[in-house]
Each structure stands twice: as C-alpha cells, then as structure tokens.
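Participant: Generate a structure from the sequence data that follows.
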Amino acid sequence: MSTWSPSASRDALVARQQMYRSIREFFYTRSVLEVETPLLSQAAVADPNITPMQAGQRWLHTSPEYAMKRLLCAGYGDIYQICKVFREGEAGKRHNPEFSMLEWYRVGWTHQQLMDEVAQLLQRLLAKRFSTLPTLHLTYAQALQSYAQLDVHHCSDQLIAKHGQALAKADLNLDRDGWLDVIMSHQVEPALPHNTLIFIDQFPASQAALAQLAKNDQGVLIAQRFEVFFNGMELANGYQELTDAQQQLERFQHELQGTQRPHDTHLIAALEHGLPDCAGVALGLDRVLLHLLDAAHIAQVLSFEWQRA
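Facilitator: Numbering: from 1, shown residues only. Down below sits the predicted model:
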C-alpha cells in the first residue's frame, strides 16, 4: 500500500472515538476534571530509561506528569488528561515514538484504591471483546519467584545478571535494575495468565522513579508503585506519588547525572508549595485499542504510523 494512505481502517478510528467518549463519561460521572497542559516544556523527563525528543529549545513531553502535578499543587483536585506523548525509540509492533496516553490523579487516594479504579476503567473499555475480565494481584517479588524462580530481594547482582544474560543471549553491560527489566520483559511478562488484568506492585526501591518508599510486611524497603499487564503487554504504570520536594530534587540530580537534560525547576517549586497526598497512573491508549480490536500491530490503530507520518 502507498505510504500516503492511512495505516488504520476507518472502523479503527470509530473505535478510538468511542473509547475516548467512554473515558470522558467515566470520569465525568466521578467528577474528575479534564485538563490540558503544554506538549513542550523547558525541562525533560529525568527517567534514564526514557529518551525524550527535543524541539528547538524545548522538550516534547514524554508524559504530562510534571505539569499535572503543578495543577495538583495549585489545588485543582482530581484531574485527568488524554494527550499525545513523545519518546525516542523503536517503532515496532507495540511501540510508536508518538502515542496517546491517558493520565489521571486521585487526591487523598492510595495506589491500592487507584488499582481498583484502573481495573474498572479497563473492564469498561474492553467489554465489547471481553465480557468478563478477572484481576490478579502480585507483588514484584511474587512475580519473579513464580515465573523466573528468583528471590529478588535476596539474590545477588551476579545471579540476576547471569539470569538476564542467558535470556538476552548477550552481555548488555546493564546494572541490576537493567537486568531485572530484561527478566521481566523476556520471561515474566510472556508467562503471565492471559485474558486477565495483572497488577504487579511493590517494586524494588531502586525503581521508585516518582513513587514513595515504604517497608513491606517482611521489612524490605519497596517502591509504592504498580504496573498493569494484559495478555503479555504492559498497559499502565501507577504511583503513590512522592510529595517531598527535597527527595524529588535529589532523585532528579541522581537520574540526570551524565546527561545534558535540565531538571524541572517548576515542579520542584510546586512541590515546595505542597503536593497533596495522591496516587496517579498513566495508561497507554493505543495498546488498549490494539487489544479491543485484536490487532496484530499498533499501526493498525494509528491513523498514520511512524513511517507514514
């Protein structure tokens, strides 16, 4: 097919329209405010695992998180946003460098409460294809033990690296968390039960990103964050949001070491003003649509995929 033509069918675009309408109805009935924030920012994402795109002197956002947290600090209450986000990376069956994200925040909620709401929304959005969708909750340690036979909180860096190298069939010169990501993507995610919403929480403290830390029932320090998987694919990533400005600044400085990216001074100033206790989550909408339509390639749900854009 010629590169001028769309990569998605008209039916796929109708399905997207219906999905957006359903999302907006879901949040309207729950009195969650829809907001819009800039796509271009003075500062880039700090996460070393995400490569942002630059446009002139500004950065295309990889998530609306930083700007939405400034709204939370200003007292706007429960908010959500549907927007395009941009990340450098491979364009393939599951990835497109420009993609659609739903992000929302609940003030005064725990991340456990937010997991329940994520399940309710996904069950609603996928109902036309999956009449019932059971949920399964696992801790990160339980997932690694069950599907990779690793005791993640006690096994050595060397054992983790050896296990990851065997899966990757290469030594990729990664640190412990890098090898854990390989194990998750190559062994754990493909083995998770199908047609079930899988919630994995209590990540290693070293993978906290913008989440709060806490001790689990065994006294191990963990990150209060979760990821949602469906049929071997990650759909969402949520946090009990970090509210301490000094801790956030220290994490920015650590994560941005060796890069030319500036940290977001506006966010730090907002956190100093005060971020209310809240939980937030980001959901990849193109992937939800891919499952709804039983599409084999993400291009089938995009008007124009990366090579045709």
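
Participant: Just give me the residue right at the centre of this protein.
Facilitator: Taking CA atoms, centre = their mean, the centroid of the chain lies closest to N237, which sits 3.3 Å from it.

Participant: sec struct for that residue, please.
Facilitator: Of the three states, N237 takes strand under DSSP: H, G, I helix; E, B strand; the rest coil.

Participant: can you map out the strands along the chain?
Facilitator: 33-34, 40-41, 53-55, 58-60, 79-86, 98-107, 135-139, 197-204, 213-215, 221-230, 233-240, 278-284 (DSSP state E).

Participant: if we can go back for a sec, I'd assumed R287 was in contact with the residue nearest to the centre of the chain.
Facilitator: No. Using CB atoms under 8 Å as the test, N237 is too far from R287 to be in contact (11.9 Å). The C-beta positions use only the backbone N, C-alpha and C, and glycine is treated the same way.

Participant: hang on, the earlier thing: list the contacts for the residue nearest to the centre of the chain?
Facilitator: For N237, the contacting residues are R225, F226, E227, V228, V281, A282, by CB atoms under 8 Å, 6 or more residues apart in numbering.

Participant: at 6 Å what do you get?
Facilitator: Contacts of N237 were listed using CB atoms under 6 Å, 6 or more residues apart in numbering, and they are E227, A282.

Participant: That one pairs with what?
Facilitator: For N237, the beta-bridge partners are E227, A282 (DSSP bridges).

Participant: Report the separation between it and L114.
Facilitator: 11 Å (CB to CB, to the nearest Å).

Participant: what do you get for S7?
Facilitator: Taken as CB to CB, the span from S7 to L114 is 33 Å.

Participant: for H266, same thing?
Facilitator: 25 Å.

Participant: What of E234?
Facilitator: Distance from E234 to L114, by CB to CB: 16 Å.

Participant: what do you get for R87?
Facilitator: 23 Å.

Participant: Using a markdown table, lay out the strands of the chain together with distance to Q247.
Facilitator: Output for these, formatted as a markdown table (distance: least, CB to CB, whole Å):
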| stretch | distance to Q247 |
| --- | --- |
| strand 33-34 | 27 |
| strand 40-41 | 21 |
| strand 53-55 | 27 |
| strand 58-60 | 23 |
| strand 79-86 | 23 |
| strand 98-107 | 19 |
| strand 135-139 | 23 |
| strand 197-204 | 17 |
| strand 213-215 | 9 |
| strand 221-230 | 12 |
| strand 233-240 | 13 |
| strand 278-284 | 16 |
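
Participant: between the ones you listed, which gets nearest to Y147?
Facilitator: With CB to CB as the criterion, Y147 lies closest to strand 135-139 of the strands of the chain, at 9.2 Å.

Participant: May I see the buried residues of that closest one?
Facilitator: T135, L138, T139 (16 or more other CB atoms under 10 Å).

Participant: Which strands and helices lie in contact with it?
Facilitator: Strand 135-139 sits against strand 197-204, with contacts defined as 3 or more CB pairs under 6 Å, 6 or more residues apart in numbering; DSSP states H and E.
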